[in-house]
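model this:
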Amino acid sequence: MDPQADNTNNTATAELLQPGVAFAPAVSIPDAFIKALEEGQEITAAHLATTAALDQPGAVISLPEHFKLHDLEAFLPQRRRARGKMTTAYVQPFADYTTAYAGPGAVVFVNADEMSATGVLDLGTVEKPGHAGNLAVLSPKKTAAYAALCSVNGQPKNQQAMAEFIEDWGVLAAMTFANEQTPSITPAQALAAIRRITIESARKVDNEEKALSASRTAFESVAATSAEPIPTVISFTCQPYADLQPRNFTLRLSILTPGDKPALVLRIQNLETHVEQMGGELAGLVHDAMKGATPVLLGSYAKAG
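The predicted structure is shown next:
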């Protein structure tokens, strides 16, 4: 070993240990502080990448799974774009709102099967498609009379329930009654016939015995009768939806005899035809109310992606 080098090291050590000589103490940085710095750098990088991606149509961006994007629109003086859904049961308010807030490429779609219409106010164009998030929806509501009619259609009811239905809606729905023998039955007669129904059952057995064979045939018939003429055809006139014209529905009354107490069933004849006609009527009303301000198409629209 070099004695001179050893003396030099000793001298340096002695100088450090001399009183009054200052030296920098070791600093321990908390792990939480280091983590915060790293997260801050990640956030800054993600912000720059997101901002750059928004300026490039069709661009995609990869971000860590634990990142959450926050929209600051709520803190701006105005929203970036209009979006929302206006819903009404009436044609004219729907047309007024759609006309007032329609943007480029706005279209109204009428779904006749669902009895509804949707105005997509920010559909945009082929070159500049919109977000399709600003909507006006027309959803007509069934009138009370039509809702009551639909609730009994095809549903077996006891005598009390059927009589109450006729009492409640006989005047309001201008109901008339008839059957094959009696073309005009008064409401009082129809109620009396429904409230008092007699179930008659008859059984006939034919038995034949021969030397080499035997046959046995049984016939059973069940009939429902009443002192008053039982209506089998009921005419029910009502306005089905707001803005639509009153419509006449022909109902068939059937009596089921599963046991001692009869069950009565009302069925609307040609219901599918009525639904098609009401859908067409709604489409016509919407088209006329728009007055050419916005295209009206038959169908529905759903945003993909």
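
For the rest of this, base every contact and every neighbour count on C-alpha atoms.
OK.

name the element Q92 belongs to?
Per DSSP states H and E: Q92 is located in helix 91-101.

for that helix, which positions count as buried?
With burial defined by 16 or more other C-alpha atoms under 10 Å, the residues of helix 91-101 counted as buried are 91-95, 97-99.

Closest one to G119 out of those, please.
Of all the buried residues of helix 91-101, T98 has the smallest distance to G119: 6.5 Å, by C-alpha to C-alpha.

so what's the closest one up against?
For T98, the contacting residues are 119, 121, 136, by C-alpha atoms under 8 Å, 6 or more residues apart in numbering.

on that earlier part again, any idea of the mean pLDDT in the helix holding Q92?
Helix 91-101 comes out with an average pLDDT of 96.

All the strands of this structure, residue numbers only.
With DSSP state E, the ranges of strands along the chain come out as 84-88, 107-111, 116-120, 134-138, 176-178, 198-209, 214-225, 233-238, 247-256, 263-268, 296-298.

on that earlier part again, using CSV, please lay out the buried residues of helix 91-101 together with distance to H66.
Formatted as CSV, those follow (distance: C-alpha to C-alpha, whole Å):
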residue, distance to H66
V91, 47
Q92, 48
P93, 45
F94, 43
A95, 45
Y97, 42
T98, 41
T99, 44
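
now the helices for the protein?
3-17, 31-54, 91-101, 144-152, 159-169, 187-195, 271-290 (DSSP state H).

and A263, how many neighbours?
The tally of other residues near A263 (other C-alpha atoms under 10 Å) stands at 18.

these two touch, right, it and L253?
No: when contacts are counted by C-alpha atoms under 8 Å, A263 is not listed as touching L253 (10.4 Å).

wait, doesn't L138 sit right on T118?
Yes: the criterion here is C-alpha under 8 Å, and L138 meets it with T118 at 6.2 Å.

how near is A89 to P140?
Going from A89 to P140 by C-alpha to C-alpha, to the nearest Å gives 4 Å.

what touches both of those two?
Contact with both A89 and P140 is made by residues A242, according to C-alpha under 8 Å, 6+ apart.
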